[in-house]
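Chemist: Task: produce atomic coordinates for the following.
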Amino acid sequence: MKISRLSMLVLLLAASDPALAELKPADCARAAKYSEDKRGVSMLVVQNGRTIFEHYANGSAVDGAWPIFSGTKSFWGILALVGVGEGLFKLDDRVSDTITEWRSDPRKSQITIRQLLNFTDGIEGAPHLHRESIRDRNALAIQLPLVAPPGSAFIYGPSHLQVFSELLRRKLNGHATISYLEEHVLHPLGIGSPEYKKDARGNPLLASGFQLSARQWAALGKLVLGHGNYHGRQIVSVELLRAAFTGSGANPAYGLTFWLNRSAGFFSREADIETMLDLPWQRAAWRNVCICKSAPPDMVVALGSGYQRLFIIPSMNALIVRQAQNGKFSDAYFLRLVLGR
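Modeler: All right, here's what the predicted structure looks like:
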């Protein structure tokens, strides 16, 4: 049988597609060696529901909790979708419908909940909200100024989710936001009640603060791979979960609290996300940015400072957890090792 050049090209591309491959323990071991050389402390790889590699460096315990820093954001992003599913609000509702103090501001009154969650609301990033000395983070966050028109720029920082914290607090009519998260996300995932950072008023810091073991963090990845279902319980609908993985015009590489690899391809530009976030927001160029060209474009990432990572690859039905002590690290190189590329 004669095979056309086009058919041969299709077969070659299919054979080279990492999304069709099974991850190999030997490749994972090479990636773990690189990770440990860069101060990595844990690595966990799960594919098709089976743990194929697990490694803990320097005597780290399997169940040892480790700060995931901004990886915390993704749990609150999932909770926001749960809130939509329960009818508390819609993603394109205006924040000023609930935070009525904004109604008289011609620009703040136009901000939507979706813009809070993808950091395009135009509010300054306000890294000082991380300080433990702040008595009421929510009150401070809703008073922050706009530095860009809503929808026009991606500005990373804790301010956006802290505004969402106040919106959620008001929507819940006195029910604690952290209790709502525990009830609807953390407990169903088997995580329990992790440590979190709260201010003097009891408001949790949504941008950071959780300490989790690699296995606990992996539960979030399993939820995504299960299309919102975890161990038979539908925590968030498939349709709503899909919204979390849609980028914005200002930053196509960021959805609703998850980083995206959608631009991966020949014309994309691999970027160290943490280095990009160190730039002033006006200088960061997010067009055609990807995390790894060799990884499938459907990969999504929960990402924390110091190269804490939860890589989730739906097309491979795989997840990879990596935790570390802040050594310089390359996501792209690490992923190529895991994928055997």
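
Chemist: Can you tell me how far residue 133 is from residue 199?
Modeler: Distance, residue 133 to residue 199, using C-beta to C-beta, to the nearest Å: 9 Å. The C-beta positions use only the backbone N, C-alpha and C, and glycine is treated the same way.

Chemist: neighbour count winner among those two?
Modeler: Neighbour totals were compared for residue 133 and residue 199, and residue 199 leads with 20 against 7 (other C-beta atoms under 10 Å).

Chemist: what about the nearest residue to that one once chain neighbours are set aside, how many neighbours?
Modeler: When the adjacent residues along the chain are set aside, residue 199 lies closest to residue 137, with 4.9 Å between them (C-beta to C-beta, 6 or more residues apart in numbering). Around residue 137 there are 29 other residues, counting by other C-beta under 10 Å.

Chemist: Could I get the contacting residues of residue 137?
Modeler: Under the criterion of C-beta atoms under 8 Å, 6 or more residues apart in numbering, the neighbours of residue 137 are 129, 158, 162, 165, 199, 203, 205.

Chemist: Next: residue 280.
Modeler: Counting by C-beta under 8 Å, 6+ apart, there are no residues that residue 280 touches.

Chemist: doesn't it fall inside a helix?
Modeler: No - using DSSP: H, G, I helix; E, B strand; the rest coil, the assignment for residue 280 is coil, not a helix.

Chemist: how near is it to residue 88?
Modeler: For residue 280, the distance to residue 88 under the criterion C-beta to C-beta works out to 35 Å.

Chemist: Without its sequence neighbours, what residue ends up closest to residue 119?
Modeler: Here the residue nearest residue 119, using C-beta to C-beta, 6+ apart, is residue 160, at 5.0 Å.

Chemist: I'd like the C-alpha coordinates of the helix or strand that contains the one you found written as PDB, please.
Modeler: If you go by DSSP states H and E, residue 160 is part of helix 159-171. Taking C-alpha atoms only, helix 159-171 is exported to PDB below (Å, rounded to 0.1, in the frame of the first residue of the first chain):
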ATOM      1  CA  SER A 159      -5.100  42.900  45.400                       C
ATOM      2  CA  HIS A 160      -7.600  41.300  42.900                       C
ATOM      3  CA  LEU A 161      -8.300  38.200  44.900                       C
ATOM      4  CA  GLN A 162      -8.500  40.200  48.100                       C
ATOM      5  CA  VAL A 163     -11.300  42.300  46.500                       C
ATOM      6  CA  PHE A 164     -12.900  39.000  45.500                       C
ATOM      7  CA  SER A 165     -12.500  37.900  49.200                       C
ATOM      8  CA  GLU A 166     -14.700  40.800  50.300                       C
ATOM      9  CA  LEU A 167     -17.200  40.200  47.500                       C
ATOM     10  CA  LEU A 168     -17.500  36.500  48.600                       C
ATOM     11  CA  ARG A 169     -17.800  37.500  52.200                       C
ATOM     12  CA  ARG A 170     -20.700  39.700  51.500                       C
ATOM     13  CA  LYS A 171     -22.400  37.100  49.200                       C
END
